[in-house]
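Participant: okay, predicted coordinates and the sequence, questions at the end:
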Amino acid sequence: MEKIDFVIPWVDNTDPEWQKSFEAYLPQSSRSSDTREIRYRNWENLKYWFRGVEKFAPWVNKVHFITCGHKPDWLNLNAPKLHFVKHSDYIPSEYLPTFSTRPILLNIHRIESLSEQFVCFDDDCFLINNVAPERFFKGKLPCDKAVMNALIPWCLFSHNILSNICVINASFYKPDVVRKNWRKWFSPQIGPQVFQTMFAQTWTSFSGFYDHHFPQGYLKSTLREVWKLHEDILLRTTAEKFRTPTDVTPWLFRYWQLARGDFVQLDLDKDSKYFEISDRSLNEIILTIKTQTNNIVVVNDGDTTSFVETTFKEAREKLNNSLSAILSEKSSFEV
């Protein structure tokens, strides 16, 4: 089996030094920058992410844990599979500090010890049941649910998706992409959503892709290729201290893999469940975790007004209690 690494960026918004730096650069950011609390608030459940990895994906080669330099008190820096990475270890100094995950993830190909095959996680994506390497890679290609779609603008983030699509359309001719890999694009693996791809053939340019929030497999060589061809675009986003509507995002690398045909078609929704955490969804999230109905669960902190009947602290306690119910034993990543 090829080596597969996991990558996870993390921030501790309670760190006084981070807060001081954040506030110092905040006045310099434009009004369009996304500096909302939900981008940084701490759910205090990172240890369950590590426990899930060790218990349900013991085959992982290395975990690259990326921060600005701070770390949880409980983290075991001597854990055999841990690579503690600071932003300054791989991001050029002229672009630091940064408070956006986009420069952090756009530049991860610069981490020398990162394997060719790696999986990128957000810290709200938890493994809650056994996951095989084939969930992320088959042979030397990443697994993905490749569905063409129409971009429907609904928030500022839609601008970023459009920026990604512009790069793809400037680099690939859609009819050629489909012709070379039509068996993948029209695979019955994805069920009825194949009709979305069929309808999208009305346009000769890409209008969008199905997007997900699950852990995603990447090839390090893909990142290097995109950087070689579009360095100016990637540097503009790298230079931003906070998220802005004009950024490209790490999804650009995923779109590039799809356009190149560097993927294996897989219906990701079969073993994974996505939630926007709120009063209405909290009980279902807890039930999904405790019963381990899925292998992967995503609990996205999507809105500061998600909690009315329940406070943020109460929701955090209930969520973490459910994770503790299935992941009570310490991992080697903890002291």
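Facilitator: That came in fine, so what should we check first?
Participant: what bridges to the nearest residue to residue 285 once chain neighbours are set aside?
Facilitator: Nearest non-adjacent residue to residue 285, counting by CB to CB, 6 or more residues apart in numbering: residue 275, 5.1 Å away. For every residue, glycine as well, the C-beta is placed using N, CA and C. In this entry, residue 275 is beta-bridged to residue 299, by DSSP bridges.
Participant: quick check: residue 275 touching residue 296?
Facilitator: No. Judged on CB atoms under 8 Å, residue 275 makes no contact with residue 296 at a distance of 11.5 Å.
Participant: more neighbours, those two?
Facilitator: The residue with more neighbours, out of residue 275 and residue 296, is residue 296; 21 against 17, by other CB atoms under 10 Å.
Participant: how close does the more buried one sit to residue 122?
Facilitator: 11 Å (CB to CB, to the nearest Å).
Participant: overlap of the contact sets of these two?
Facilitator: Counting by CB atoms under 8 Å, 6 or more residues apart in numbering, the residues touching both residue 296 and residue 122 are residue 215.
Participant: in the strand or helix carrying residue 284, what's buried?
Facilitator: For residue 284, the host element (DSSP states H and E) is helix 282-291. Neighbour counts over helix 282-291 (16 or more other CB atoms under 10 Å) mark 282, 285-286, 288-289 as buried.
Participant: what's the answer for stretch 73-86, then?
Facilitator: Using 16+ other CB under 10 Å as the burial criterion, the residues of stretch 73-86 that qualify are 75-76, 79, 81-85.
Participant: sort out for me which of those are in helices.
Facilitator: Counting by DSSP state H, none of the members of those fall within helices.
Participant: which two in these are spaced the farthest apart?
Facilitator: Farthest apart among these by CB to CB are 76 and 85. That separation is 15.3 Å.
Participant: need phi/psi at residue 201.
Facilitator: Note on residue 201: its backbone torsions stand at phi -70, psi -10 [degrees, to the nearest 10].
Participant: pull the number of nearby residues for the residue lying closest to it once chain neighbours are set aside.
Facilitator: Nearest residue to residue 201, sequence neighbours excluded (CB to CB, 6+ apart): residue 178, at 7.0 Å. For residue 178, the neighbour count with other CB under 10 Å is 17.
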